[in-house]
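J.: here is a sequence together with a model predicted from it:
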Amino acid sequence: MTKAIVLTPEGEVTPIEYTPSTALDTLQHAVDGYIETVGVTPEYSFYANEEGLLREDLIPNPVATAFYRKLGGHTPIKGTVVFVGTPDEEGDDRDVPGHVEDFLKALVALNA
């Protein structure tokens, strides 16, 4: 099972798990549409809704946007995002590092 962290626009931080065979369905369900890798670091990355900027029904995610801007991104992030570990040699997501959940919760607290 791959461990990931879901971050909603409202600041809810929730761990999830999935297998390589259920990854796409699980991630698409979490972000409410097609996934796109947005922020990438040597340890982890996150997925967002590929059409997030075009969809009026998705609200801005201030924590994901702040995080993305720290990585050099310039566009706002809308909707729920999912943090995962960097891919393994087969291209499957690894577990998100344990410190990411605490880091996200601290960011949420700062943005509250």
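T.: Arrived safely, thanks for sending.

J.: going by C-alpha atoms from here, please, whenever you check contacts or count neighbours.
T.: Fine.

J.: pull the residues that contact stretch 81-93.
T.: Stretch 81-93 is contacted from outside by 2-8, 20, 27, 30-31, 40-49, 64, 94-97, using Cα atoms under 8 Å, 6 or more residues apart in numbering.

J.: try stretch 71-80
T.: 6-9, 30-32, 39-41, 48-49, 52-53, 58-62, 64-65, 68-69.

J.: go on, stretch 37-53?
T.: Taking Cα under 8 Å, 6+ apart as the rule, stretch 37-53 contacts 27-28, 31-36, 58, 68, 71, 73, 76-86, 96-97.

J.: check which helices and strands the lowest-mean-pLDDT helix or strand in the chain is in contact with.
T.: Lowest mean confidence among the helices and strands of the chain (mean pLDDT, DSSP states H and E): helix 98-111, at a mean of 86. Here helix 98-111 touches strand 13-18, helix 62-70, going by 3 or more Cα pairs under 8 Å, 6 or more residues apart in numbering; DSSP states H and E.
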